[in-house]
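Peer 1: Got a sequence here, can you model it:
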Amino acid sequence: MAHKFAEPYSGKNPVPSITTKLTSLVNPQKAGEAKAQQLQDQSVRHEEKETEKTARRLAKGHVMHVTDPTTGEDLDIRNADEDADVYSKGENVLHHEFPPPVGVIGLHWKEHRDKMLSMTNSSIAYIATAFIGAFLFSTLFSSVTARVLCLLPPALLSYSLFFRVNKASEADFEQRMWHAERMRGLAAGSDVDRDGQVTDEERTRESAEWANALVRGLWPILNTDLFSSLIDMLEDIMQSSVPKFIHSVRVADMGLGSNAGRITSIRSLPDASTHDTGNPGDSQDTLAAMGIDGETVSPDDLDALDGDHVNLEVSFAYQGLPSGKSAESKARNIHLLVEFFLGMKGVFGFRVPVWVEVTGVVGTARARLQLIPDPPFVKTTLISLMGLPRITISATPLSKTLPNVMNLPFISGFISSALDTAAAEYVAPKSLTLDLQALISGDDIKKDTEAIGILVVHIHRATGIKKMDTTGSSADPYVTLTYSRLEKPLYSTRIIKNDCNPVYEETAVLLVDVNTVKLREKLSFQLWDSDRMSVDDMMGFVEIDIVDLLRERGKPTRRISPLTSPDSQDRPGSLEYTVGYYGKLPPNKGLTTDGSDPSLPDDLRESPEFKDARAVALNDLEAAVLVTPPDPEWASGLVSVQVHEIRDLTVKTIGKEHKGGHREGEKGQDDGEETAEEGEGLPSSYCTISLNDELVYETRVKPITSSPMFNAGTERFVRDWRKAHVTVTVKDSRLRENDAVLGTVFLKLSEVFVNASEVTRCYSLEKGLGTGRIRISLLFRPVEAKLPPNLLGFDTGTLEIRDVSVRSDLTDLAKCEIRMKTTTTDAVEKVARKAAERRGDQVVWTNDGATKLAVRQRYATALLVSFRDKSGFKSSGRKALAVLWLRDLVDRAEGPVEAALWRVKDGDYSRLKLNYVPPDGDLAYWDSDKEKVERVGTVTLELAFWPGISEKHQEILGGAGAKKRAAWDEYDRQRAAGFRDSIGKLDTQVPQDHQANESHETEAEDGEQQGPGTTDATMTDGPVNAQDGDQENAGPDEEQHGTNTTVSADDAEIESEADPEPHKDDDKPESSDADSVKKKTGVIGKVKEWREHEKELHRDHRGIMQAKPARTAVWLKDNIEEGAHAVKERFKMKARGPDIETEV
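Peer 2: Numbering: from 1, shown residues only. Now for the predicted structure:
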């Protein structure tokens, strides 16, 4: 598993926890051998084995056989012992002997001799021939002078040949000497086993005093902010592992001191197998060996797998200088200031600061540096520790009331275990990936999502499942989606009680990342039977290889698969579903802009002081994301929300507390000229992230600081970015009172992504008790999935129903009253305000005012319209029932909608309430009980679905007590700030000349042309209301309903064994004009006015709520309600749905 530097924590990257018992922390030597004892659910029992394995990996001296992620070599690594040698083991390769002149290392000395002999012999022959020829030629002359001149040419030839032999001999000798030097450096060791090769263990560990000199110079001046992510991880590990009496931990400060660490040795390493063969198909063959289609892997991943690189092994050591009692002596070594907050969480606590001094570190790491042709010539660096390093520390409490004793057993052992746990995250085969190119540029902004695509899954129905109840009469089934190795439920359908042939018709979207593919995960459909008093039983499962789905990119498949039994018992039944994989699309080049902030006036955008600090683009894709807004043609995609930090976070002080004396001439309020990062009265903040009014993420608490660093976030699928919004709420974790809202940031994606698909800005906290600026990054990447219009809406909203009319042969319906409710809530609304009247062949119930129903989990919810006889004082049984599933509605579309009206023969309407029925009343997908229901007419409803939370949701918000109060408080503040006016509106700001056409990149993927859009061919048959919501064109063109995520049932593969007022007028405030203009009169009006005013005061902790006892009383009341709610929920049947994603 490869970790990325400064990678934010999320559900996929959770905070590691210390795998030790509390009692074992007294002795640090036994800390690594202890095992975590955790009570876990049976579905995650494998995590216990992983915890035990991790505990063994932390043991001192433990030997592990792993694969080195840098070289690919299988080797044994060993954790550092307690008595690890801290002295230098480095050597100088120049002191080694040259390699032998024979063998496989290089050129032979015999070849040098043969070459020299050949040149000498040939030169002697040439010289002898020249002199003999010159002598014979001189006999032709009688003059002595002429004969002497005949000898000059052979003499010059002799000199030239001797000079040539001499230079050739020297050149050949030097060449062979340099080659021997080169081979000595490459081998850098002795062939101990005399196999003709120098292995990694035989290679010389060379000393690097030049590097130590550089480290000594840089050590005192290094900015400790470079280590903020590592300190953040250490803090999170301790925070997630503290015992109950320590409710919070904070690393308040870190210093490197003046005592520098040392590099004891360094050496280069070859790959275990050569990656760079020059054949471009080798990387594809490597992926094929993993069972992965190379065409589905991005070029960046191929570069990480293959390319030019250098492997190094570095041994390092740190030995602290002896320190005395003075602060100056303690500050010379690496030190941490750790603050423990002891007490009972939420009730009381006090702070204990502890000075932690690092006295020794010994370890070895290997690094793989990817080389690139452009500066800084190094991009991706993969670092892996060769065993757990030895880290020794000493801890001294700085409290005046505690003894100043060095090496406190518990504190020292706990921090040592935290350090070991942090280091274990990077021990081979795990690794840390550093993007040095981005790190040197100082960029911490994501330009791409971790997810590479999505899986769109339509769960249609299950048939013939086993009866699981104790009486053997039926079952209470529901379906969960998960990855086979993960086992954590990623999606859950609704529970359909007492049914062995449930019809769900629900749609889920799951994110797919690279690790999911590399781990060869399978998509698992798990069918469960819900039990009220015991653990749910699995009735069967179906698994699909995700790699197979990737190979069929953009092509959904509909299947009917038999269930596989999870045990030896026979479990009959089958599951019908549609699934397809859809990858990310590149930005549309036709929408390229300058990437500037659209909120600035045109005349100020070019001013240097108003330009944003632009993110650094490292490739063409990142550069395009920074200057190209999302294409409105592709509404669905992946949104990444990352909270970086908050600056100058404080709690508002409305006025000053005045004790005696006169205030004349004093300031009315503090002006905030003095700002402290730490101190009393500062908030312990954390953030929550909501997407379309659904809570999706919660960060950890950062205690008592005005500059909390979170660097946390999440990635989610958004159905329609043009309508979506993200809300980041900052809260203060408090003792003996409910957590206070410090501020809210509301971000409408269509207003953020105007000139770019990635935006990083600072936003002011609004409508809360605090002040400050929060830095947030938003990123959107579209996917090639086109959902039907009815599946592009919100999961939370308000259903507004006006007139109801019925066409039926039943004559007694006019005497009935109408009751309406949704299947996910208990609230019932009556429509019997006036007597029904006949208009032709219809019976019409006219509504004085709209009936409004709050909706959660909209895509698994049905509207039940019940007709009951109202004769007498008490209504009798149900005469007929109409069912309309809200998944068939389009958001904000007002108009008539028809639904079938049913009557059952035995009076039991439970199957109609829970199983999906299309609006046209076709029961072809029902495998049982069709003969028990009879269609008796058609109901027409004048309705609209308004997205977002409204006032009607106050009673159905999740949880009770403090949870419900907190959720409602967030909505109330957003409404007061005017944020709710544009919820769910279709509003995209794109260039006027843009025709929403596909670019060449989006039109063709993998060489395939996108096929024409098809209508929704599932049993829903598309939306049932008009397509005129959000000012969309309501033309009859079928392409508007185009979708590429559904498959007709005929093509199935059978496998063998919001607040309502703005809806009328978006420009009006939520309160009516009469309420905003006319002043309330009378006693009742004044009481209402006083209560509204008190509510506003209490929201800002004013009035009676400015007193701590009043807030504590509310906190006690909410805790009692939460306890009662937990007991009540314990006996309800609930599906195994996913939890809120957190960092810990």
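Peer 1: which strands and helices sit next to the longest helix belonging to the chain?
Peer 2: Ranked by residue count under DSSP state H, the longest helix found in the chain is helix 152-187. When contacts are defined as 3 or more CB pairs under 8 Å, 6 or more residues apart in numbering; DSSP states H and E, helix 152-187 packs onto helix 109-138. For every residue, glycine as well, the C-beta is placed using N, CA and C.
Peer 1: Show the average pLDDT along the next helix or strand after the helix it packs on.
Peer 2: The helix or strand immediately downstream of helix 109-138 is helix 144-150, counting by DSSP states H and E. On average, the pLDDT along helix 144-150 is 86.
Peer 1: try stretch 711-719
Peer 2: Stretch 711-719 comes out at a mean pLDDT of 91.
Peer 1: Take that stretch, keep the C-alpha atoms, and write them as PDB.
Peer 2: Taking C-alpha atoms only, stretch 711-719 is exported to PDB below (Å, rounded to 0.1, in the frame of the first residue of the first chain):
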ATOM      1  CA  ASN A 711      -6.000  18.900   5.400                       C
ATOM      2  CA  ALA A 712      -9.000  16.500   5.200                       C
ATOM      3  CA  GLY A 713     -11.800  15.900   2.800                       C
ATOM      4  CA  THR A 714     -13.900  13.500   0.800                       C
ATOM      5  CA  GLU A 715     -14.800  12.600  -2.800                       C
ATOM      6  CA  ARG A 716     -18.500  12.000  -3.700                       C
ATOM      7  CA  PHE A 717     -20.600  11.400  -6.700                       C
ATOM      8  CA  VAL A 718     -22.900  14.300  -7.600                       C
ATOM      9  CA  ARG A 719     -25.900  13.600  -9.800                       C
END
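Peer 1: tally of neighbours for residue 261?
Peer 2: By other CB atoms under 10 Å, the residues close to residue 261 number 17.
Peer 1: let me fix that: residue 114
Peer 2: For residue 114, using other CB under 10 Å, the count is 11.
Peer 1: which SSE is residue 554 in?
Peer 2: Going by DSSP H and E, residue 554 is not in any helix or strand.
Peer 1: on that earlier part again, mind listing what's buried in the longest helix of the chain?
Peer 2: Using 16 or more other CB atoms under 10 Å as the test for burial, helix 152-187 gives 154, 157, 158, 161, 165, 172, 176, 180, 183, 184, 187.
Peer 1: tally of neighbours for the residue nearest to the second one when sequence neighbours are not counted?
Peer 2: Read that as residue 157. Nearest residue to residue 157, sequence neighbours excluded (CB to CB, 6 or more residues apart in numbering): residue 130, at 5.0 Å. Residue 130: 18 surrounding residues under other CB under 10 Å.
Peer 1: Quick check: which ranges of the stretch 201-350 of the chain have low pLDDT?
Peer 2: 201-204, 223, 225, 272-307, 325-328, 344-349 (pLDDT under 70).
Peer 1: all strands of it, in order?
Peer 2: 246-255, 262-269, 309-319, 335-344, 348-371 (DSSP state E, counting those that start in this stretch).
Peer 1: swap in the stretch 851-1000 of the chain?
Peer 2: Counting by DSSP E, counting those that start in this stretch, the strands of the stretch 851-1000 of the chain are 851-855, 862-869, 878-885, 895-904, 933-947.
Peer 1: Compare these and give me the one nearest residue 729.
Peer 2: Of all those, strand 933-947 sits nearest to residue 729, with 19.2 Å by CB to CB.
Peer 1: Of all the strands of the stretch 851-1000 of the chain, which one is nearest residue 1023?
Peer 2: The nearest among the strands of the stretch 851-1000 of the chain, by CB to CB, is strand 895-904 at 9.5 Å.
Peer 1: Parallel or antiparallel, which strands does that closest one pair with?
Peer 2: Applying DSSP bridges, strand 895-904 is found paired with strand 878-885 (antiparallel), strand 933-947 (antiparallel).
Peer 1: Give the buried residues for that strand.
Peer 2: 895, 897, 898, 899, 900, 901, 902, 903, 904.
Peer 1: can you check stretch 217-230 too?
Peer 2: For stretch 217-230, using 16+ other CB under 10 Å, the buried residues are 228, 229.
Peer 1: CA atoms only: put it into PDB for me.
Peer 2: Once non-C-alpha atoms are left out, stretch 217-230 reads as follows in PDB (Å, rounded to 0.1, in the frame of the first residue of the first chain):
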ATOM      1  CA  GLY A 217      24.100  23.400   7.700                       C
ATOM      2  CA  LEU A 218      20.400  23.000   6.800                       C
ATOM      3  CA  TRP A 219      19.200  21.500  10.100                       C
ATOM      4  CA  PRO A 220      18.900  24.600  12.300                       C
ATOM      5  CA  ILE A 221      17.300  26.700   9.500                       C
ATOM      6  CA  LEU A 222      14.700  24.200   8.200                       C
ATOM      7  CA  ASN A 223      11.100  25.400   8.400                       C
ATOM      8  CA  THR A 224       9.200  22.900  10.700                       C
ATOM      9  CA  ASP A 225       6.100  23.600   8.600                       C
ATOM     10  CA  LEU A 226       7.500  21.100   6.200                       C
ATOM     11  CA  PHE A 227       6.700  18.400   8.800                       C
ATOM     12  CA  SER A 228       3.200  19.600   9.500                       C
ATOM     13  CA  SER A 229       1.600  16.600   7.800                       C
ATOM     14  CA  LEU A 230       3.700  14.100   9.700                       C
END
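Peer 1: Numbering from 31 from now on, please.
Peer 2: With the count now opening at 31, the last piece we talked about shows up as stretch 247-260.
Peer 1: Provide the secondary structure category for the residue lying closest to residue 1084 once chain neighbours are set aside.
Peer 2: Nearest-residue entry for residue 1084: residue 590, 4.6 Å, with adjacent residues in sequence omitted and distances by CB to CB, 6+ apart. Secondary structure, DSSP: H, G, I helix; E, B strand; the rest coil: residue 590 is strand.
Peer 1: Hmm, residue 572 and residue 590 touching each other?
Peer 2: No - between residue 590 and residue 572 there is no contact, the gap being 9.9 Å when judged by CB atoms under 8 Å.
Peer 1: Show me which of those two is the more surrounded one.
Peer 2: Using other CB under 10 Å, the more surrounded residue of residue 590 and residue 572 is residue 572, with 22 against 17.
Peer 1: If that one is in a bridge, with which residues?
Peer 2: Bridge pairing for residue 572 - DSSP bridges - gives residue 555.
Peer 1: I'd like the distance between it and residue 1085.
Peer 2: 9 Å (CB to CB, to the nearest Å).
Peer 1: Give me the common contacts of those two.
Peer 2: In terms of CB atoms under 8 Å, 6 or more residues apart in numbering, residue 572 and residue 1085 are both contacted by the residues 591, 592.
Peer 1: right, and the strands of the stretch 231-380 of the chain - which one's nearest residue 781?
Peer 2: strand 276-285 (36.1 Å).
Peer 1: Using CSV, list the CA coordinates for that closest one.
Peer 2: Extracted as CSV, the C-alpha positions of strand 276-285 are listed here (Å, rounded to 0.1, in the frame of the first residue of the first chain):
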residue,chain,number,x,y,z
ILE,A,276,-7.9,11.5,28.1
HIS,A,277,-10.5,13.1,25.8
SER,A,278,-8.1,15.0,23.6
VAL,A,279,-4.5,15.2,22.5
ARG,A,280,-2.7,18.0,20.7
VAL,A,281,0.9,18.4,19.4
ALA,A,282,1.3,22.1,20.2
ASP,A,283,4.8,22.6,18.9
MET,A,284,7.7,20.9,17.3
GLY,A,285,11.4,21.9,17.0
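Peer 1: which residues sit against it?
Peer 2: With CB under 8 Å, 6+ apart, strand 276-285 has contacts from 254, 257, 261, 264-265, 268-269, 272, 361, 364-376, 379, 383, 708, 714, 731-735.
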